[in-house]
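Trainee: Prediction below, plus the sequence it came from.
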Amino acid sequence: MALELVTTIGDRCKVCYTCVRECPAKAIRISGGQAEVIQERCIGCGNCVQVCSQKAKAVMSSVEQVKELLERPGLKVSACVAPSFPVEFTDCSPEQFIGMVRALGFDLVNEVAFGADLVSEKYNELVKRHSGTKRRFIATACAAAVEYVEHLSPHLTESLAPLASPMVAMARYVHRMYGDDVAVVFIGPCIAKKAEAVELSRGQVDQVLTFGELREMFRDAGIDPDKVIPTNFDPPFAKLGGIYPVSGGLVQTAKIDERLMSSEAAVVDGHNTFVEAIREFESGAIQATVVEVMACNGCIMGPSVSSSVPLYSRRAMIADYIRHRMTTFDPEKWVEDMYRYPDLDLSQTFKPEDRRMPTPSREEVNDILARLGKETAEDELNCGACGYDTCLEHAIAIFQGLAEGEMCLPHTIDQLKSSVTELADVNKRLEHAQHALVQGEKLASMGQLAAGIAHEVNNPLGVVLMYSHLLSEDCDVKPEMREDLKIITEQADRCKRIVSGLLNFARQNRVLLQPTVLRKFLESSLLGVQIPDNIKVEIQCPDHEAMAELDSDQLMQVFTNLLVNAIEAMPDGGRIVLGCQFTERQVIFRIADNGVGIPPENAEKVFTPFFTTKPVGRGTGLGLPVSYGIVKMHRGDIRFESNVDPDRGPTGTTFFITLPRYGNNV
Ligand code: ADP
Ligand code: MG
């Protein structure tokens, strides 16, 4: 079970993917709107803690456990302080700092720099033994790098130099010098050391405090640098091990030749480069006998250093401190301390444990890429916005459940864009539907009124017609009266037609659907209309067999009305096109003329009963309203497009009638 070194504070995480991008172990998964740390993969480098602008990453705290150790009666506790402390505790002198640690209740304050001296000797021997052979090692002072190798490059575990880290070496020395029952608390800039203490120190290191946690303890205990007794570390005292926290410090202290030509050592540091270096080590590109790999740019840049002082100033601070120490350095004493316990075990064994994720096949990756809209290599922008260097890496991470598709910014923008267009389209259709509804309601109420009047007028009109017919058939009627009676009959007939038109418009007649061959229907619709010689009619319905279920009698009336209108709009002749298109579900008829067109100001009115622009006696203004009524009964739709302005193109009007092809719902 992996330790929970770093966790996400859910409320603070704004899912900006910075930690995803910056995690060298790819140990962060986006899930449930949060950047969650995958504990099995986390190497404790603390980079995510440093880069998170929202302070949404919490580090496992050991403060309570350390307090408990300090309070345990009769227990001696040693604080083993990492050599990087001078870059963190700049607000007091080193001696004041040591005094403050003692003031917390630590019985011993030891410098881990001496542990570094111890292992440096061993590194020197290791290189001497293997220089010129093919054997190569990864140095192991950096706990995060070791975690990375053991879990994420497990086959390289045997390449880890089999030597203890300065922390572990120092802990063993302290136990030897001061007794096995001393508790050791390592204090340093590193989060990964907490895992090393548990997994590798074999109980030699009891707890690990970060500098941040130590500050917290100073604060809680109200420890003031000016009120403590400044003291030195407890022996043994270090020599040059103090430069370990600077990258290259190990190689330098171990007196290993780092020159390019020597192939003895190489130094690689930094979150991005160390993973690459481990890969290069694996491929054999790095030939040096020892590679000093550090996940940070040296421990002086560790995640728990709160200072904002830049790298080179920090190096200078370490150098200053070591110079300061050297003024009181006793070489004889140091040699004595170094070789006091010749049998002190400075070795370390490592255990590989494969925590890598399964890798997808090429097809699986391609599928994922396609879902992200990346069909070809050119679509892979590799912009890095998702936190992964390449689209391929992102796709693999999606496969592994680490990432989500929405993290791809170009894809998300594309999707948003199409959603916006879709929304705009839906809005437009809604607007259209609303308009049609208003228009429909208006026509419906007119229809009711019309039906009412027509019904009332119909009967008296029938009586007038009947009597005028009776009269005109009467042989006694005078010839001049016969002429008058003829006019009465004709006009009453006209009224009757208008009234029945009105009833048609308003009627709730049933629609009688019958299988109809579309082309035949169009052809026969022409029979009921007299087409003048100067007008050409064309039928555009390429499919001679296509069928639909229509009430052809009623629709015939619609076509007659529209054809008459088209003819009347072209007094000087022209062309009419009767067209038909269809899909599985719909039939769309088209009646186009190149006549005078319908001016925009009339567009709203043409379906209103009695609206006509034709001279009295010619137009009744009922053709379109009746057609509208019939189309609506078919659950269809009638609309038109028209142009009256020759400057904008040929004038004319096209009516479109859309009907359900199989109107089983009608
Ligand atoms: P009417 O034909 O009796 O006037 P309609 O309801 O059939 O009544 O048509 C209403 C009005 O719509 C017409 O008077 C005319 O102004 C206009 N209209 C209809 N169809 C056309 C067309 N194809 N071209 C130009 N105007 C048309
Ligand atoms: Mg008409």
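Mentor: That came in fine, so what should we check first? Ligands and ions are numbered 1, 2, ... in the order given.
Trainee: The helix or strand containing Phe655 and ligand 2, are they touching?
Mentor: If you go by DSSP states H and E, Phe655 is part of strand 652-660. No. Looking at strand 652-660 against ligand 2 by C-beta under 5 Å from the ion, there are no contacts, and the closest approach is 11.6 Å. For every residue, glycine as well, the C-beta is placed using N, CA and C.
Trainee: Note down every partner strand of that strand and its orientation.
Mentor: Strand 652-660 sits in its sheet next to strand 586-593 (antiparallel), strand 637-643 (antiparallel), going by DSSP bridges.
Trainee: hey, which of those strands is tucked in deepest?
Mentor: strand 586-593 (a mean of 21; mean count of other C-beta atoms under 10 Å).
Trainee: I would like the residues contacting that one, please.
Mentor: 518, 522, 540, 548, 550, 559, 562-563, 566-567, 569-570, 574-582, 652-661 (C-beta atoms under 8 Å, 6 or more residues apart in numbering).
Trainee: pLDDT weak spots in the chain?
Mentor: Residue ranges of the chain with pLDDT under 70: 1, 260-261, 475, 504-509, 664-666.
Trainee: The residue minimising distance to the centre of it: what's it in contact with?
Mentor: Here the mean C-alpha position of the chain is nearest to the C-alpha of Glu406 (C-alpha atoms, centre = their mean), at a distance of 1.7 Å. Under the criterion of C-beta under 8 Å, 6+ apart, the neighbours of Glu406 are Thr412.
Trainee: What distance do you get for it to Cys383?
Mentor: Distance, Glu406 to Cys383, using C-beta to C-beta, to the nearest Å: 15 Å.
Trainee: can you pull out the helices in the stretch 151-300 of the chain?
Mentor: 166-178, 192-199, 211-221, 249-253, 271-283 (DSSP state H, counting those that start in this stretch).
Trainee: what about Gly249, how many neighbours?
Mentor: For Gly249, the neighbour count with other C-beta atoms under 10 Å is 28.
Trainee: Which among the helices of the stretch 151-300 of the chain is found nearest to ligand 1?
Mentor: The closest of the helices of the stretch 151-300 of the chain to ligand 1 is helix 271-283. By C-beta to the nearest ligand atom, the value is 72.5 Å.
Trainee: hang on, the earlier thing: show residues contacting the strand holding Phe655.
Mentor: Here strand 652-660 has contacts from 548, 550, 558, 562, 566, 569, 574, 585-595, 597-598, 631, 634-643, 666, using C-beta under 8 Å, 6+ apart.
Trainee: close to ligand 1, is it?
Mentor: Yes. Strand 652-660 lies within reach of ligand 1 by C-beta under 6 Å from any ligand atom, at Thr653.
Trainee: and the gap between the residue nearest to the centre of the chain and Gln415?
Mentor: 9 Å.
Trainee: How about Val309?
Mentor: Remark: distance between Val309 and Gln415 (C-beta to C-beta) = 45 Å.
Trainee: What residues does this structure have near ligand 2?
Mentor: So far as C-beta under 5 Å from the ion goes, the chain lies against ligand 2 at 565, 623.
Trainee: helices or strands up against the helix ranked longest in the chain?
Mentor: Counting residues, the longest helix found in the chain (DSSP state H) is helix 409-473. Contact analysis of helix 409-473 by 3 or more C-beta pairs under 8 Å, 6 or more residues apart in numbering; DSSP states H and E lists helix 479-506, helix 623-633 as its packing neighbours.
Trainee: and the longest one with helix 623-633, angle?
Mentor: Interaxial angle of helix 479-506 relative to helix 623-633 (axes from the mean of the first three to the mean of the last three C-alpha atoms, to 10 degrees): 40 degrees.
Trainee: ok, the residue of the chain found nearest ligand 2 - contacts?
Mentor: Taking C-beta to the ion as the measure, the chain has Gly623 as its residue closest to ligand 2, at 2.8 Å. When contacts are counted by C-beta under 8 Å, 6+ apart, Gly623 touches 561-562, 564-565.
Trainee: For the residue of the chain most remote from its centre, I want the exact helix or strand it lies within.
Mentor: Within the chain, the residue lying farthest from the chain centre (C-alpha atoms, centre = their mean) is Asp476, at 95.4 Å. Counting by DSSP H and E, there is no helix or strand that carries Asp476.
Trainee: what about it, distance to His469?
Mentor: 15 Å.
Trainee: What of Val149?
Mentor: From Val149 to His469 the distance is 112 Å (C-beta to C-beta).
Trainee: next one: Cys383
Mentor: In terms of C-beta to C-beta, Cys383 sits 88 Å off from His469.
Trainee: Check Arg585 too.
Mentor: In terms of C-beta to C-beta, Arg585 sits 49 Å off from His469.
Trainee: With neighbour numbers in mind, choose between these two.
Mentor: Between Arg585 and His469, counted using other C-beta under 10 Å, His469 has the larger neighbour count: 15 against 8.
Trainee: Count the residues that sit near the closest residue to that one other than its chain neighbours.
Mentor: Nearest residue to His469 in three dimensions, chain neighbours excluded: Thr489, at 6.3 Å (C-beta to C-beta, 6 or more residues apart in numbering). Thr489 has 17 neighbouring residues, counting by other C-beta under 10 Å.
Trainee: Thr489 contacts Leu465, correct?
Mentor: Yes. With contact defined as C-beta atoms under 8 Å, Thr489 counts as touching Leu465 (6.7 Å).
Trainee: Check the contacts of Gly623 one by one and keep those near ligand 1.
Mentor: Among the contacts of Gly623, proximity to ligand 1 is found for 561, 565 (C-beta under 6 Å from any ligand atom).
Trainee: for the contacts of Gly623, which one is nearest Ser53?
Mentor: Nearest to Ser53, judged by C-beta to C-beta, of the contacts of Gly623 is Leu562 at 67.7 Å.
Trainee: How many residues are close by the closest one?
Mentor: 25.
Trainee: hang on, the earlier thing: just the CA coordinates for the strand holding Phe655, please, in CSV.
Mentor: Provided in CSV are the C-alpha atoms of strand 652-660 (Å, rounded to 0.1, in the frame of the first residue of the first chain):
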residue,chain,number,x,y,z
GLY,A,652,-40.8,35.1,-59.1
THR,A,653,-42.3,33.0,-56.4
THR,A,654,-41.7,29.4,-55.3
PHE,A,655,-44.2,27.7,-52.9
PHE,A,656,-43.0,24.7,-50.9
ILE,A,657,-45.3,22.2,-49.5
THR,A,658,-43.9,19.7,-47.1
LEU,A,659,-46.0,16.7,-46.2
PRO,A,660,-45.5,13.5,-44.2
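Trainee: How far off centre is that strand?
Mentor: Distance of strand 652-660 from the chain centroid (C-alpha atoms, centre = their mean, to the nearest Å) equals 44 Å.
Trainee: ok, the closest residue to ligand 1 within the chain to Glu40 distance?
Mentor: For the chain, the nearest residue to ligand 1 under the criterion C-beta to the nearest ligand atom is Gly623, separated by 2.5 Å. With distances taken as C-beta to C-beta, Gly623 is found 78 Å from Glu40.
Trainee: And Gly188, by the same measure?
Mentor: 24 Å.
Trainee: Please say which of the two ends up with more neighbours.
Mentor: Ranked by neighbour count (other C-beta under 10 Å), Gly188 and Glu40 place Gly188 first, with 29 against 14.
Trainee: Please name the bridge partners of that one.
Mentor: Judged by DSSP bridges, the bridge partners of Gly188 are Thr210.
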